[in-house]
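Enquirer: Have a look at this prediction, sequence included:
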Amino acid sequence: GTRHEGTFSVDGGHLCVDWSLGDGARLHLRANFSAEDWTQVPAPPGVVIWAEGPTGAKRGRNHLAPWSASWTVGSRP
């Protein structure tokens, strides 16, 4: 149920995408498509619903290892 609204940014191998869902919630993707650690990830609000690669509590919410991604869903603003 998206509203076909979203924003994205690409910086080198780093990708940030944020979508508005039909109920007003937000879906966020942070992906590191590079061979280097991404240590200044703009952390999205919400709960992690899927992650690939070494992400999470051990590394910190603002960190993505090489070739990893994290999806979160946040409530309405």
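Expert: Looks like it came in fine. Numbering: from 1, shown residues only.

Enquirer: Tell me if I'm right that F8 and C16 touch.
Expert: Yes: under the criterion of C-beta atoms under 8 Å, F8 makes contact with C16 at 6.4 Å. Quick note: C-beta positions are derived from backbone N, CA and C, even for glycine.

Enquirer: neighbour count winner among these two?
Expert: C16 (16 against 10; other C-beta atoms under 10 Å).

Enquirer: what's the spacing between the closest residue to that one other than its chain neighbours and G22?
Expert: Residue nearest to C16 in three dimensions, not counting chain neighbours: S9, with 4.8 Å by C-beta to C-beta, 6 or more residues apart in numbering. Distance of S9 to G22, given as C-beta to C-beta, to the nearest Å: 23 Å.

Enquirer: Likewise for A51?
Expert: Separation of A51 from G22 (C-beta to C-beta) stands at 24 Å.

Enquirer: who's more crowded, those two?
Expert: Higher neighbour count among A51 and G22: A51, with 15 against 8, using other C-beta under 10 Å.

Enquirer: Quick check: neighbours of the host helix or strand of the more buried one in the sheet, parallel or antiparallel?
Expert: According to DSSP states H and E, A51 maps onto strand 47-52. Strand 47-52 pairs in its sheet with strand 68-74 (antiparallel), by DSSP bridges.

Enquirer: Tell me the buried residues in the partner strand?
Expert: By neighbour count on 16 or more other C-beta atoms under 10 Å, the buried set for strand 68-74 is 68-73.
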